[in-house]
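K.L.:
fold the stuff below for me.
(4 chains, ligands or ions: 4)
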Protein chains: 2
Amino acid sequence: MNSLAEENYLKAIYHLQRELNGDVSTNAIADRMETKPSSVTDMVQKLGEKGLVSYKRYKGTTLTDQGQKIAANVIRKHRLWEVFLVEKLKFHWDQVHDIAEQLEHVHSEELISRLDNFLGNPDFDPHGDPIPDKHGKMKRTEKKLLSELQKNQQGVCVGVKESSGEFLQYLDKKQISIGTKIRVLGKEFFDGSMVILVGKDQFFISKKIAENLYVQTS
Amino acid sequence: MNSLAEENYLKAIYHLQRELNGDVSTNAIADRMETKPSSVTDMVQKLGEKGLVSYKRYKGTTLTDQGQKIAANVIRKHRLWEVFLVEKLKFHWDQVHDIAEQLEHVHSEELISRLDNFLGNPDFDPHGDPIPDKHGKMKRTEKKLLSELQKNQQGVCVGVKESSGEFLQYLDKKQISIGTKIRVLGKEFFDGSMVILVGKDQFFISKKIAENLYVQTS
DNA sequence: TATCATATTTAGGCAAGGCTAAAAAAATAA
DNA sequence: TTATTTTTTTAGCCTTGCCTAAATATGATA
Ligand SMILES: [Mn+2]
Ligand SMILES: [Mn+2]
Ligand SMILES: [Mn+2]
Ligand SMILES: [Mn+2]
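P.N.:
Ligands and ions are numbered 1, 2, ... in the order given. The predicted structure follows:
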């Protein structure tokens, strides 16, 4: 059984490994965990001794297969609980992350398996992120950033890169959610801003917005 | 915000105060928490400084109003989650306690209020125990122990005193659950054992069983 | 009342997870 | 290559909860 702190470190390393594709530096983990590098060193040493990460002094950290499995399972729980909160308890998608941060540490395989079932074995969470199955495998989607689309291309919103409350609330105001069809009516080369069509409304969005919304074309 | 350990102490003191009706001794808490008396002393001193219990050296501990409120809220969460696990996830009533022990420490008023609603604002948990409302008040029932019934009296099972897996599984085997009607066909003065009628089956039960089943007569 | 047993507290330590300050390695600049 | 900056680790300390052993208060007994 791993402690709450260990699980959070494993999760952070998992995400960072994907973002940076490669070894994860001590400082990167410290940044993500909002903790000090010296605390990170302590913890990765311990995780190393437990065989959950491969850590070499001054060289960075990667998850072992076992560590990866544990991290994927925590992420699975996080995302399943988010589905529960939105689908069953009618929370809004910008309200669920902090609660899921707590629920993800409840230990019970039986619980998570029944929850999965109760929710209809969903493949994606309310933010469009894929839910790992019990073996850590998750559906890959051919999503791209809205900012990659050209004028007159369109796509369906399938996820967000950022999922801060501010950003999600912005999307709500603009009536954009998972499943919403978005068409690029115009794109400014200078600053990457766009004019897009959502339902019957057309409006301006900055590059920053376009770089944080995933769409699926096809 | 109280720590997990603090919440567990408050809960234990709450239950003990009701069982012993009065002050709770350091040793009683240590017993219940499966910890050492010296650890209890440390903790009740801290809870005392926080104003959650009234503690005087060598005199025992009682919850303050504030401590009582927090304890009742933890118990509320525990029991609501137990209802969720049984009603929605189809767990069996003897499987839910340990999971609820973890879920009860998830902090979010909004979560528990929505969960309550989702479950239809239940008054009792799967073991027949009353669920405190958000102010800590709970429905009182006129329940008595089956062992208090006389020959030919009958009652409806409304709860269990013990809720160990062994006992609950015994009840299952005998087809007794919340709502089951039980009639006393015979009672042995010598050892308190009984012969009871449950549905069409009649069988023998020991005093120990009869002292752990709550029934409602009338 | 003096003595003995029991309950409780105090003293001193330990492990987990943090932090700060100092040392050491690695990376970058000159 | 040498000097400087940045990154990482080590050393030493803190808090929370827990423990054991020793001290002390309380309560029962003689
Ligand atoms: Mn989340
Ligand atoms: Mn999510
Ligand atoms: Mn329970
Ligand atoms: Mn219960």
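K.L.:
residues near the closest residue to DNA strand C within chain A, how many?
P.N.:
Proximity of chain A to DNA strand C (C-beta to the nearest atom of the strand) peaks at residue A:3, 2.9 Å away. (Each C-beta comes from the backbone N, C-alpha and C, glycine too.) Residue A:3: 10 surrounding residues under other C-beta atoms under 10 Å in any protein chain shown.
K.L.:
which ones are touching it?
P.N.:
Residues near residue A:3 by C-beta atoms under 8 Å, 6 or more residues apart in numbering or on different chains: none.
K.L.:
and the gap between it and residue B:195?
P.N.:
In this view, residue A:3 and residue B:195 are 51 Å apart by C-beta to C-beta, to the nearest Å.
K.L.:
ok, residue A:135 next?
P.N.:
Taking C-beta to C-beta as the measure, residue A:135 falls 53 Å from residue B:195.
K.L.:
and these two? Which one has more around it.
P.N.:
residue B:195 (15 against 10).
K.L.:
now do the contacts for that one.
P.N.:
B:184-187, B:202-205.
K.L.:
need the buried ones from the residues you listed selected in ChimeraX.
P.N.:
Selection of buried members from the contacts of residue B:195 for ChimeraX, criterion 16 or more other C-beta atoms under 10 Å in any protein chain shown:
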select /B:184,187,205
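K.L.:
quick one: strands adjacent to the helix or strand of chain A with the lowest mean pLDDT?
P.N.:
Every helix and strand of chain A was ranked by mean pLDDT, DSSP states H and E. The lowest is strand A:181-187, at a mean of 83. Strand A:181-187 has the following strand partners under DSSP bridges: strand A:154-160 (antiparallel), strand A:194-198 (antiparallel).
K.L.:
can I get these in CSV with mean pLDDT and distance to DNA strand C?
P.N.:
Listed next are those as CSV, based on pLDDT from 0 to 100; distance: least, C-beta to the nearest atom of the strand, whole Å:
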stretch, mean pLDDT, distance to DNA strand C
strand A:154-160, 87, 27
strand A:194-198, 88, 35
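K.L.:
among the ones you listed, which comes closest to residue A:90?
P.N.:
strand A:154-160 (19.7 Å; C-beta to C-beta).
K.L.:
quick check: buried residues in stretch A:164-173?
P.N.:
By neighbour count with 16+ other C-beta under 10 Å, stretch A:164-173 contains the buried residues A:167-168, A:170-171.
K.L.:
restrict that stretch to CA atoms and write it as CSV.
P.N.:
Coordinates of each C-alpha in stretch A:164-173 appear next as CSV, following Å, rounded to 0.1, in the frame of the first residue of the first chain:
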residue,chain,number,x,y,z
SER,A,164,-8.5,25.7,-14.5
GLY,A,165,-11.7,27.0,-13.2
GLU,A,166,-11.2,30.3,-15.1
PHE,A,167,-10.7,28.6,-18.4
LEU,A,168,-13.6,26.2,-18.0
GLN,A,169,-15.9,29.1,-17.0
TYR,A,170,-14.8,31.0,-20.0
LEU,A,171,-15.8,28.1,-22.2
ASP,A,172,-19.2,27.9,-20.5
LYS,A,173,-19.8,31.5,-21.2
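K.L.:
which residues does it contact?
P.N.:
A:92-95, A:127, A:160, A:177, A:209, A:212-213.
K.L.:
out of those, which are buried?
P.N.:
Buried among those (16+ other C-beta under 10 Å): A:93-95, A:127, A:160, A:209, A:212-213.
K.L.:
which ones among those residues map onto helices?
P.N.:
Cross-referencing those against helices under DSSP state H gives residue A:209.
K.L.:
any chance you could list what contacts stretch A:27-43?
P.N.:
Residues contacting stretch A:27-43 (C-beta under 8 Å, 6+ apart): A:5-6, A:8-9, A:12-13, A:15-16, A:20, A:26, A:44, A:61.
K.L.:
who wins for neighbours among these?
P.N.:
Using other C-beta under 10 Å as the neighbour test, the contacts of stretch A:27-43 are led by residue A:13, with 29 neighbours.
K.L.:
ok, the buried residues of stretch A:164-173 vs residue A:99, which is closest?
P.N.:
Of all these, residue A:99 sits closest to residue A:168, with 14.6 Å by C-beta to C-beta.
K.L.:
distance from the chain centre to the strand or helix carrying that closest one, please.
P.N.:
Element membership for residue A:168 (DSSP states H and E) is helix A:165-173. The chain centre lies 16 Å from the centre of helix A:165-173; the measure is C-alpha atoms, centre = their mean, to the nearest Å.
K.L.:
that one near ligand 2 anywhere?
P.N.:
No. Between helix A:165-173 and ligand 2, judged by C-beta under 5 Å from the ion, nothing touches; the nearest distance is 10.3 Å.
K.L.:
that helix vs strand A:194-198, what angle?
P.N.:
Here the directions of helix A:165-173 and strand A:194-198 differ by 60 degrees (axes from the mean of the first three to the mean of the last three C-alpha atoms, to 10 degrees).
K.L.:
how about the one helix or strand residue A:43 maps to: buried residues?
P.N.:
Element membership for residue A:43 (DSSP H and E) is helix A:37-49. By neighbour count on 16+ other C-beta under 10 Å, the buried set for helix A:37-49 is A:40-41, A:43-44, A:46-48.
K.L.:
quick revisit: which among the contacts of residue B:195 gets closest to residue B:74?
P.N.:
residue B:205 (33.3 Å).
K.L.:
now do the contacts for the closest one.
P.N.:
Counted by C-beta under 8 Å, 6+ apart, residue B:205 has contacts B:174, B:193-196.
K.L.:
farthest pair within those residues?
P.N.:
It's B:174 and B:193 that sit farthest apart of those, by C-beta to C-beta, at 14.4 Å.
K.L.:
how about the residues of chain A by ligand 2?
P.N.:
Counting by C-beta under 5 Å from the ion, chain A sits next to ligand 2 at A:82, A:125, A:127, A:129.
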